[in-house]
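Student: any chance you could fold what I've pasted below:
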Amino acid sequence: MNALVQNISKYRKMRGFTQEELAQKLNRSSQAISKWETGQSSPDISLLPDLAFALGTDINSLMGYVYDKKKITIYEDEYRQEDYYWGLKPSPMCYRVMEMAPPVKPLRLLDVGCGEGKDSVFFARNGYIVTAFDMADTGVEKTKKLADLYQVNVNVFKANILDFRLETEFDVIFSSGVFHYIKAELRSEILDNYKNNTAVGGIHMFNVFVPKPFIPPAPEQEPTAQNWKSGELFTYYTDWRLHTVSEIVFDCNSSGIPHKHCMDMMMAGKMG
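Tutor: Model (predicted):
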């Protein structure tokens, strides 16, 4: 948080804005800007893209994250194609979320590692208030494009799951096919951050790939992928109610080469 406090002030002054001028650009009060810069309050997560744009920077720099400039996901290039690499059909997990947390009232949903946005846009089309992030610039742009196509709002921005931490509460946190990027030493910290920023009665819906000796390695070469142990994901939620705990083996053709994956899937609810 200290980095964000310092950087709002730093980038505002670099652009030559007064607090009043920045407030006008964001449709906020100058008092709100002052509180951000003194650490008395924080901008809502949904405002970060507009704040970064107004200050002439990006969210990563604004939050004080320093990145290795080398490519961190193989999908940065895959998403450059005109078609949608993962297609447009939402994950079956989306329907499970809708069963457990139907949007009969406004529900704030975060899609962690949204890829090209098919699940984020699906949720937005069904009435959820959707925030999403991905580490691939091309994924963020295609998410925006898909949201525009269906005329829905998805607050999407670029962030790295390893560095980004939540400071805003959500009712639903969703992620599919992303957690294999989380290093073992960061899993407890990241999941605790997600749990602490979930409303009472809220849910988490996650999956994670797990290796099995009877399944050959997937053809995709992902140098930053990290193995999870079978059942490991569930152990971080012993203090929540587990609604869904399953392990499945399924066929995949994402690389154009037929192969199999084993995946643990979990839906957990935060108790009061």
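Student: the nearest residue to D44 once chain neighbours are set aside: how many residues sit nearby?
Tutor: Leaving aside its chain neighbours, D44 sits nearest to T168 (5.7 Å; criterion: CB to CB, 6 or more residues apart in numbering). Heads up, the C-betas are built off the backbone N, CA and C, glycines and all. Using other CB atoms under 10 Å, T168 has 15 other residues around it.
Student: what about the residue nearest in space to the middle of the chain, distance to E82?
Tutor: Geometric centre of the chain, nearest residue: V112, 2.1 Å, by CA atoms, centre = their mean. Here V112 is placed at a distance of 26 Å from E82 (CB to CB, to the nearest Å).
Student: does N7 touch M63 like I think?
Tutor: Yes. Between N7 and M63 there is a contact at 7.4 Å, judged by CB atoms under 8 Å.
Student: domain map for this structure?
Tutor: Following automatic domain parsing, the chain resolves into domains at 2-62, 75-269.
Student: just the element for the residue nearest to D44, please.
Tutor: For T168, there is no host helix or strand (DSSP states H and E).
Student: can you report phi and psi for it?
Tutor: phi -130, psi 140 (degrees, to the nearest 10).
Student: list the contacts of it.
Tutor: D44, I45, S46, N197 (CB atoms under 8 Å, 6 or more residues apart in numbering).
Student: what number of residues lie near the closest residue to S255 other than its chain neighbours?
Tutor: Once flanking residues are discounted, S255 sits nearest to P219: 4.7 Å by CB to CB, 6+ apart. By the criterion of other CB under 10 Å, P219 has 12 neighbours.
Student: three-state assignment of P219?
Tutor: Recorded secondary structure, P219: coil (DSSP: H, G, I helix; E, B strand; the rest coil).
Student: pLDDT at it, what is it?
Tutor: Looking at P219, its pLDDT stands at 81.
Student: make 27 the starting number, not 1.
Tutor: Renumbered: residue one is now 27, and that last one reads P245.
Student: quick check: the gap between the residue nearest to D70 and N179.
Tutor: T194 is 16 Å from N179, by CB to CB.
Student: next: L259.
Tutor: 30 Å.
Student: the more surrounded of the two?
Tutor: The residue with more neighbours, out of L259 and N179, is L259; 24 against 12, by other CB under 10 Å.
Student: does the more buried one touch H206 like I think?
Tutor: No. Here L259 lies out of contact with H206, judged by CB under 8 Å, at a distance of 10.9 Å.
Student: list residues touching both of the two?
Tutor: With CB under 8 Å, 6+ apart as the test, L259 and H206 both reach V234.
Student: sketch out the low-pLDDT regions of the protein for me.
Tutor: 27, 40, 91-100 (pLDDT under 70).
Student: walking through it, point out its helices one by one.
Tutor: 28-40, 45-52, 56-64, 74-80, 85-88, 101-104, 118-126, 144-151, 163-175, 213-222, 258-261 (DSSP state H).
Student: out of these, which is the most enclosed?
Tutor: Mean neighbour count, computed with mean count of other CB atoms under 10 Å, is highest for helix 144-151 among these, reaching a mean of 24.
Student: and that one, what does it pack onto?
Tutor: Identification of packing neighbours for helix 144-151 by 3 or more CB pairs under 8 Å, 6 or more residues apart in numbering; DSSP states H and E yields helix 118-126, strand 134-138, strand 155-160, helix 163-175, strand 180-184.
Student: nearest to H285, of those?
Tutor: helix 118-126 (19.1 Å; CB to CB).
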